[in-house]
Structures are given as C-alpha cells and as structure tokens.
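Novice: Below are the sequence and a predicted model; questions follow.
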Amino acid sequence: MQTADSALVKKMNKTIVLNVIRHSSPISRAAVSRITGLNKATVSALTAELIDEGHIIEVGTGHSTGGRRPQLLSFNAGAGLVLGVELGVTFMRALICNLSGELIESRELDLPVKPTPEEGVRLLVELCHTLMAVAPPTQLGVIGAGIGVPGSVDLQLGTVLVAPNLSW
C-alpha cells in the first residue's frame, strides 16, 4: 500500500484534470476547477504542465460571463499513438489508434499453417514495423501496445503459456 505524499496527490490531481478535459472538451480552466473541486491556481498549474507535455491544447476562447473570455482546453488525441495486435489462429491483425481510440491505420496478414512461436513473433514484429512506417508522426510516439493471443498468458512474465489452436 502506498501513502499519499505530495507527489502522489499531484499525480492523482493531474490525472483527474486530464480526464475531465478528455471527457468535456472544449472546456475552460474555471469549469475544470468547478467540476473537480480543485482551486483555480492548482488547475492552472496542472493544465500548464499538461500543455507542456502535449496531452492537452488550447483551442480558442469561450464566451465571457462578465470577465475576460476564457481559453478553452481540449484533449490532444493526436499527441501519441497506441498499437494493438490480434493474433488469431489463421491471421494476424494490427492497428494503430490515436489516444481517443480512433483508428488511424490497420493491416492484416494470413498466418502459415501452425507457425512456430519464433515465426509468429517475427511476423508480428514485421507487421508492426510496416504499420508504424505509415503512421503519422506524433509528439509522444507509440505510448502503449497490447497483444491478444488465443491462449493462456503469464501476465507477470508476459509470456504465452499455451496456445493450443496455434500448437504453441
């Protein structure tokens, strides 16, 4: 169990702010403050960091409610990419999405009959490299990947224990 030191609290608040912006874009800092219950100074500091990191962007100004017009913030879905691979019994499919889960590109190939694990990994790497070669450049690059395998996986080691349909 982890105790909440100031760094952990800041990280949690930053995540909360990012999620509010992601789900409510475009949104002002004042609205983020109202929704989260965080004070405006904290929201301003956290959004400045999120802008510097490329996770959010300023997208224009909102309507004034008596004061100056607020800057609106939006989640920057194009800041990075996520790679997904599905290893089927007879095929392999890979796709790249932006950070909002919108499909950017996908590729599929037929697998040879009962490929060896080494052959499967080689084909997977080639397919991912092919897909990444056509992906648009982003500030953060590929920040996550997931692989689906038709079998049992040791989550701690990240290895396939058995994939009977592939004879692994």
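Specialist: Nice, I can see it.
Novice: which residues in the protein form strands?
Specialist: 27-28, 56-61, 71-75, 81-87, 91-98, 103-110, 142-148, 152-154, 159-162 (DSSP state E).
Novice: Turn the ones you listed into TSV, including mean pLDDT and mean neighbour count.
Specialist: The C-beta positions use only the backbone N, C-alpha and C, and glycine is treated the same way. Listed next are the strands of the chain as TSV, based on pLDDT from 0 to 100; neighbours: other Cβ atoms under 10 Å:
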stretch	mean pLDDT	mean neighbour count
strand 27-28	96	20
strand 56-61	92	16
strand 71-75	95	20
strand 81-87	93	19
strand 91-98	94	18
strand 103-110	94	13
strand 142-148	91	12
strand 152-154	86	12
strand 159-162	83	13
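Novice: Now those strands in TSV, please, with extra columns for distance to Ser44.
Specialist: Supplementary listing: those in TSV, determined by distance: least, Cβ to Cβ, whole Å:
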stretch	distance to Ser44
strand 27-28	11
strand 56-61	12
strand 71-75	10
strand 81-87	29
strand 91-98	26
strand 103-110	32
strand 142-148	25
strand 152-154	43
strand 159-162	45
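Novice: Which of the ones you listed sits closest to Lys14?
Specialist: strand 56-61 (10.7 Å; Cβ to Cβ).
Novice: Could you list the single helix or strand in the protein with the lowest mean pLDDT?
Specialist: Ranking every helix and strand in the chain by mean pLDDT, DSSP states H and E puts strand 159-162 at the bottom, with a mean of 83.
Novice: Contacts only, for Ala4.
Specialist: Met12 (Cβ atoms under 8 Å, 6 or more residues apart in numbering).
Novice: wait, Arg107
Specialist: By Cβ under 8 Å, 6+ apart, the neighbours of Arg107 are Arg93, Ala94, Leu95, Leu127, Thr130, Leu131.
Novice: what ranges of this protein fall below the confidence cut-off?
Specialist: 1-3 (pLDDT under 70).
Novice: For Asn39, see how far away the residue located most distally from the centre of the chain is.
Specialist: What lies farthest from the middle of the chain is Gly66; by Cα atoms, centre = their mean that is 37.5 Å. With distances taken as Cβ to Cβ, to the nearest Å, Gly66 is found 20 Å from Asn39.
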